[in-house]
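> Any chance you could fold what I've pasted below:
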Amino acid sequence: QVQLVESGGGLVQPGDSLKLSCAASGHTRSIYSVGWFRQAPGMEREFVAAIGWIGRPTTTYKESVKGRFTISRDNAQNTVSLQMNSLKTDDTADYYCAATTGWSTLESRYDWWGQGTQVTVSS
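I've put the predicted structure just below:
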């Protein structure tokens, strides 16, 4: 089993930055990649970004966050971060960290999930 704990959410204004962190523990050797998903009120959960956990840190992003969000990893600390810049009101959502034994942008392919952290972007 893998346990994931997110942190770093909060209330910010449009244009501000925020950094989310995801701490992994347990059987982390099972992880092949880690992703961030988000769910806005009344909406389905959607993919945001993913990064390979081992080897080259391959990344992929949802089109609307490219150039604003950066996903990174620290294997020594077993953490994955999501740096979010130039935040917009549309970025308001609960953000979830998830891990998988494969590589995918599909929610159904992720095996382990954190509890989520709330991000609110409002003036």
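
> low-confidence ranges in this protein?
Within the chain, not a single segment meets pLDDT under 70.

> so which helix or strand takes in the spatially most central residue of it?
The centroid of the chain falls nearest to residue 36 when counting by C-alpha atoms, centre = their mean (2.3 Å). Residue 36 is part of strand 33-39, with elements assigned from DSSP states H and E.

> Equivalent analysis for residue 115, please.
Judged by DSSP H and E, residue 115 forms part of no helix or strand.

> tell me the contacts of the closest residue to it other than its chain neighbours?
Closest residue in space to residue 115, ignoring its immediate chain neighbours: residue 6 at 6.9 Å, by C-beta to C-beta, 6 or more residues apart in numbering. Placement of C-beta: from N, CA and C, glycine included. By C-beta atoms under 8 Å, 6 or more residues apart in numbering, the residues touching residue 6 are 20-22, 95-97, 114-117.

> same deal with residue 68?
Per C-beta under 8 Å, 6+ apart, neighbours of residue 68: 84-87.

> who wins for neighbours among the residues you listed?
residue 84 (26 neighbours; other C-beta atoms under 10 Å).

> For the protein, which segments are assigned as strands?
Along the chain, the segments classed as strands by DSSP state E run 2-7, 10-12, 18-26, 33-39, 46-52, 59-61, 69-74, 79-84, 93-100, 112-113, 117-121.

> Please enumerate residues in contact with the last one?
Right, strand 117-121. Applying C-beta under 8 Å, 6+ apart, the set of residues contacting strand 117-121 from outside is 6-14, 16, 18, 20, 38, 84, 87-95.

> So how do I select the buried members of those residues in PyMOL?
The buried residues among the contacts of strand 117-121 can be selected in PyMOL (16 or more other C-beta atoms under 10 Å) with this line:
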select buried, resi 6+8+9+12+18+20+38+84+87+91+92+93+94+95
